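# My questions concern the predicted model and sequence given below.
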Amino acid sequence: MNGLTDILQIALTAAQPAQQDIVPLKIIWEHISSLDLVEALTFISFGTVCLFYGWRIFKILVTICFGLVGLGVGVWVNNQLVVGNVVWLAMFSVLVFAIFSIPLMRWGVTVLGAVSGGILTAGVWLALGLPQEYVWAGGLVGLIAGGMISFIVFKIAVILFTSLGGSTLMTVGILAVLYGYMVDRQKLETLVFNYQWFLPAMILLPMAVGIFMQHRFIKTAQDWSV
């Protein structure tokens, strides 16, 4: 029995670091902290526009999002086929995805709304201090609920994904400015790495404000249609 207990303890100890790295905080923070001032201010400016007025430019945002998906697909296909120059295949894939996103705009918005719902509930899961190894469960609930709601009410899908995108961009820019120019770097890194709720809260709070404000703006805009 003692031998079996020791084996179980060793297995749990070995599995523990893998559970802690489910959310790649180090990689995320490396990208944030490497931004210079111009890039950070650009993120803040564009994020603010998306957060409050994403409902006005959602078609452009959908095209950009699918173009970025096409870029990733192109790079992946290039790596699989081992083609010499990745640029041409990536550019071709970007154009294909961007062009096809225009006639499939409503479906694209619904997909982005579903993904935003999944990210929203996964963020809430982390902000509440629940185990990271089960964050996929929280995200799956939001993905399904967000997809159903977005499919039924198109405006909600628009508000969801533009608010999330704007809040994320704005938060990244603000953190980069704080880290580079305004606060003690060690204290900020302590908040990021030692408090699981910090980053989700930094994104979810502005997102909630954006959802509220966009809903009000859309209600008073007589010329806006989907």
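In hand now; what should we look at?

# For stretch 25-44, list the C-alpha coordinates in CSV.
The C-alpha coordinates for stretch 25-44 follow below in CSV (Å, rounded to 0.1, in the frame of the first residue of the first chain):
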residue,chain,number,x,y,z
LEU,A,25,0.6,33.7,-19.0
LYS,A,26,4.4,33.9,-19.6
ILE,A,27,3.9,34.0,-23.4
ILE,A,28,1.0,36.5,-23.2
TRP,A,29,3.0,38.7,-20.9
GLU,A,30,6.1,38.6,-23.1
HIS,A,31,4.1,40.0,-26.0
ILE,A,32,2.5,42.7,-23.9
SER,A,33,5.7,43.8,-22.2
SER,A,34,7.6,44.0,-25.5
LEU,A,35,5.3,46.6,-27.0
ASP,A,36,6.7,50.1,-27.5
LEU,A,37,4.8,53.3,-26.7
VAL,A,38,3.5,53.9,-30.3
GLU,A,39,2.2,50.3,-30.5
ALA,A,40,0.6,50.5,-27.1
LEU,A,41,-1.1,53.8,-27.9
THR,A,42,-2.3,52.4,-31.2
PHE,A,43,-3.8,49.4,-29.4
ILE,A,44,-5.6,51.7,-26.9
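
# Residue numbering should commence at 33 henceforth.
Let's use 33 as the start, then, which means that last one is stretch 57-76.

# list the buried ones in that stretch?
57, 61, 64, 67, 72, 75-76 (16 or more other CB atoms under 10 Å). To be clear about C-beta, it is placed using only N, CA and C from the backbone, and glycine gets the same treatment.

# Helix or strand with the lowest mean pLDDT in this structure?
The helix or strand of the chain with the poorest confidence is helix 34-52; it has a mean of 41 (mean pLDDT, DSSP states H and E).

# Name the next helix or strand downstream of it, please.
Where DSSP states H and E defines the elements, the next helix or strand beyond helix 34-52 is helix 57-65.

# Can you name every helix or strand that that next one contacts?
helix 186-209, helix 217-226 (3 or more CB pairs under 8 Å, 6 or more residues apart in numbering; DSSP states H and E).

# how about the helix or strand hosting residue 96: buried residues?
In this assignment (DSSP H and E), residue 96 forms part of helix 90-113. Within helix 90-113, the residues scored as buried using 16+ other CB under 10 Å are 90, 93-95, 97-99, 101-103, 105-106, 110.

# Repeat that for stretch 111-125.
Buried residues in stretch 111-125 (16+ other CB under 10 Å): 121-122, 125.

# Present these as TSV; the columns should include pLDDT and distance to residue 228.
Shown next, in TSV, are the buried residues of stretch 111-125 (pLDDT from 0 to 100; distance: CB to CB, whole Å):
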residue	pLDDT	distance to residue 228
121	83	39
122	84	35
125	89	36
